[in-house]
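[1] could you work out the structure for the sequence below:
(one chain, ligands or ions: 2)
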Amino acid sequence: MQNQLIIFDTTMRDGEQSPGAAMTKDDKVRIGKQLERLRVDVIEAGFAAASPGDFEAIRAVAAAVKDSTVCSLARANDNDVKRAGEAVKDANRSRVHVFIATSPIHMKHKLRMEPDAVLEAAVRTVKLARQYTDDVEFSAEDAVRSEVDFLCRIFEATIKAGATTINVPDTVGYSVPDHWAELFRTLMTRIPNSGKAVWSTHCHNDLGMAVANSLAAVMAGARQVECTVNGLGERAGNASLEEIVMAVKTRSDIFKITTGVDTTQIVPASKLVSTITGYPVQPNKAVVGANAFAHESGIHQDGVLKHRETYEIMKASDVGWGANRLTLGKLSGRNAFKSRLQELGITLASEEQLNAAFARFKELADKKREIFDEDIQALMSDETVTPDAEHYKLISISAYSETGEQPFSRVVISEEGREKRSEARGGGIIDATFKAIESMVQSGTELLLYSVNNVTEGTDSQGEVTVRLSKNGRIVNGMGSDTDIVVASAKAYVSALNKMAAKSQRMNPQYGEAATANGTL
Ligand code: KIV
Ligand code: ZN
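    Residues are numbered from 1 along each chain as shown. Ligands and ions are numbered 1, 2, ... in the order given. Predicted coordinates:
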């Protein structure tokens, strides 16, 4: 059995299915480049059939990424597989990932298909996918609630049809480690051609066991783990990449297996994904949370100072903490700025955009002496709404607060080029600012989340604000950063309003309608 574990990152596909976490093409290229620096083996860049925009985003990742395999998801229908195959065909290494549900509940109520028809669609589409690439993965959605006999039949048939990776998903996060390991052992023993495919585990975290289940599968022989940065993903998320990788590395005595991941890129990847998606990382999150290596209690601090290993099982620097790269400063020129953007996978469409971004960088450098990669990432995240998608634009803000007085904010925005101004009082300056904006736009949205994080250390750090809004069941996240958190908050609110104003045509691959024989869904 191989002793290299394949890390399959699905942050840009399963992670993107989290409410409001939709990523633009540029966002995906930036994340794709960071995942390549992290040296993940496979990057699932999206679901090509979701929309023309998703197709183009996967193509762009396939063009930008050289070292990792780039993959697109496809339902088991001809159209999806063709779109997926086309989207990844120019990648240095490409994979098509075909899936169909196999549990009685999904086949009956979602697909409305008989098991034989499901098996036939799986085999037919795996064969079709092989016409685009030799690297084809097949997944049995909701495998956890599927009948083992049926899983054996469909996996044997899809391996015969050319699937090179067989993925067993716990789609609803229902399993527990012992059972999950047992399922892998059963499948790998009972399926006669099981040795011809790599076995993969894909776990959701509904009961908080996604990582434990994934690791149990590895102990039972799985050699690919599907996971996401920060554990992002639908509902409670997917197995978290950083926890899987660091568990395998830290307990190599138990797992006796390695990954190709450059662990020092974990924290930068975590920060980038959080910045782009607007999903903050909880402070006590393993490996990448702000407190993961902080020792609050006196006894721990004393122990760590005497001998680090008394309380630390990993080194902060091994996962990229404290590795902030001081990249640029006040005196850095336009060329230095441009080449750092390129190294970070950020490409700007025009010289005007570059000039505007450089002007903002100079503004920031005036306020903040040292500029780190994280600052540039946060700065550029404000640029992710392309000018033509910018329905609203923040022009200026002036806010006032004094002990004993009700805080006040005056905001000027433009709506499709027309300037508007308003002022409001509120419980605090942020509340007053959001009220002033709302009195102009009357969006009818509900504020679900407001959070502030510092981008780097120190009080001169930029504050990065996330605002999550919902309206008629649609959820969007807006992000804004600035050294002044009131300004960052106003930017984040306006960014969320712009996303809400933009039409979204994407569909969720797992909530699709029934598959037909030839598969137009
Ligand atoms: O959770 C799941 O079943 C999935 C499949 C599409 C692999 O994400
Ligand atoms: Zn999933």
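[2] Three-state assignment for the closest residue to residue 496 other than its chain neighbours, please.
    Nearest residue to residue 496 in three dimensions, chain neighbours excluded: residue 478, at 2.7 Å (CB to CB, 6 or more residues apart in numbering). No exception for glycine: its C-beta is placed from N, CA and C like everyone else's. The three-state assignment at residue 478 reads strand, by DSSP: H, G, I helix; E, B strand; the rest coil.
[3] so residue 478 touches residue 502, yeah?
    No - counting by CB atoms under 8 Å, residue 478 sits too far from residue 502 to count as a contact (11.5 Å).
[4] more neighbours: which of the two?
    Counted by other CB atoms under 10 Å, residue 478 and residue 502 do not tie: residue 478 has more neighbours, with 23 against 14.
[5] report pLDDT for the more buried one.
    For residue 478, the model assigns a pLDDT of 90.
[6] enumerate every residue touching it.
    Residues near residue 478 by CB atoms under 8 Å, 6 or more residues apart in numbering: 278, 466-469, 491-499.
[7] hmm, residue 370 and residue 332 touching each other?
    No - look at residue 332 against residue 370 with CB under 8 Å: they stay out of range, at 11.1 Å.
[8] what's the separation between residue 509 and ligand 1?
    Noted for residue 509: a distance of 6 Å to ligand 1, by CB to the nearest ligand atom, to the nearest Å.
[9] now do the same contact list for that residue.
    Counted by CB under 8 Å, 6+ apart, residue 509 has contacts 47, 49, 50, 73, 75, 99.
[10] what is the neighbour count of the residue lying closest to residue 171 once chain neighbours are set aside?
    Residue nearest to residue 171 in three dimensions, not counting chain neighbours: residue 142, with 4.5 Å by CB to CB, 6+ apart. By other CB under 10 Å, 23 other residues sit near residue 142.
[11] for residue 172, same thing?
    For residue 172, using other CB under 10 Å, the count is 18.
[12] and it, what does it touch?
    Going by CB under 8 Å, 6+ apart, residue 172 touches 142, 144, 145, 204, 206.
[13] most neighbours, which of the residues you listed?
    The contacts of residue 172, ranked by neighbours (other CB under 10 Å): first place residue 204, 25 neighbours.
[14] got phi/psi on it?
    Taking degrees, to the nearest 10, you get phi -100, psi 160 for the backbone angles of residue 204.
[15] settle this for me: it is touching residue 173, isn't it.
    Yes - Residue 204 lies in contact with residue 173 (CB under 8 Å); the separation is 3.8 Å.
[16] now do the shared contacts for those two.
    Common neighbours of residue 204 and residue 173 (CB under 8 Å, 6+ apart) are 210, 235, 236.
[17] buried ones from these, can you make that a PyMOL selection?
    Those of the shared contacts of residue 204 and residue 173 that count as buried under 16 or more other CB atoms under 10 Å are selected in PyMOL with:
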select buried, resi 210
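[18] in helices only, show me the shared contacts of residue 204 and residue 173.
    Mapping these onto helices (DSSP state H) picks out residue 210.
[19] okay, the shared contacts of residue 204 and residue 173 in TSV with pLDDT and distance to residue 443 next?
    Listed next are the shared contacts of residue 204 and residue 173 as TSV, based on pLDDT from 0 to 100; distance: CB to CB, whole Å:
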residue	pLDDT	distance to residue 443
210	98	35
235	91	26
236	95	29
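[20] quick one: residue 376 from residue 334, how far?
    Separation of residue 376 from residue 334 (CB to CB, to the nearest Å) stands at 14 Å.
[21] residues of the stretch 401-521 of the chain that sit close to ligand 1?
    residue 510 (CB under 6 Å from any ligand atom).
[22] at 5 Å instead, please
    By the rule CB under 5 Å from any ligand atom, no part of the stretch 401-521 of the chain lies against ligand 1.
[23] show me where pLDDT drops low in the stretch 401-521 of the chain?
    503-506, 512-521 (pLDDT under 70).
[24] which residues of it fall in strands?
    Assigned by DSSP state E, counting those that start in this stretch, the stretch 401-521 of the chain shows strands spanning 408-415, 418-425, 446-454, 463-471, 474-482.
[25] so which of those is nearest residue 122?
    With CB to CB as the measure, strand 474-482 is the member of the strands of the stretch 401-521 of the chain nearest residue 122 (32.4 Å).
[26] thinking again about what came up before, does the residue nearest to residue 171 touch residue 108 like I think?
    No - between residue 142 and residue 108 there is no contact under CB under 8 Å: 11.6 Å.
[27] which residue is the nearest non-sequential neighbour of residue 28?
    Once flanking residues are discounted, residue 28 sits nearest to residue 57: 4.6 Å by CB to CB, 6+ apart.
[28] contacts only, for that neighbour.
    23, 24, 25, 28, 29, 45, 46.
[29] the fifth one is in what secondary structure piece?
    Assigned by DSSP states H and E, residue 29 belongs to helix 25-38.
[30] which ones are touching residue 58?
    28, 45, 46, 48, 70, 72, 84, 87, 88.
[31] what about residue 170, distance to residue 183?
    From residue 170 to residue 183 the distance is 9 Å (CB to CB).
[32] so what sits against both of these two?
    With CB under 8 Å, 6+ apart as the test, residue 170 and residue 183 both reach 143, 144.
[33] neighbour count for those two, which is higher?
    The residue with more neighbours, out of residue 170 and residue 183, is residue 170; 28 against 23, by other CB under 10 Å.
[34] next one: the more buried one from residue 35, what distance?
    For residue 170, the distance to residue 35 (CB to CB) stands at 23 Å.
[35] TSV for the strands of the stretch 401-521 of the chain, including distance to residue 362?
    Shown next, in TSV, are the strands of the stretch 401-521 of the chain (distance: least, CB to CB, whole Å):
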stretch	distance to residue 362
strand 408-415	23
strand 418-425	25
strand 446-454	21
strand 463-471	19
strand 474-482	14
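[36] for the chain, which helix or strand comes out least confident on mean pLDDT?
    Averaged element by element with mean pLDDT, DSSP states H and E, the chain has its least confident helix or strand at helix 298-306 (a mean of 65).
[37] which residues touch stretch 251-261?
    Contacts of stretch 251-261 (CB under 8 Å, 6+ apart): 3-5, 7, 38-41, 215, 218-219, 245, 247-249.
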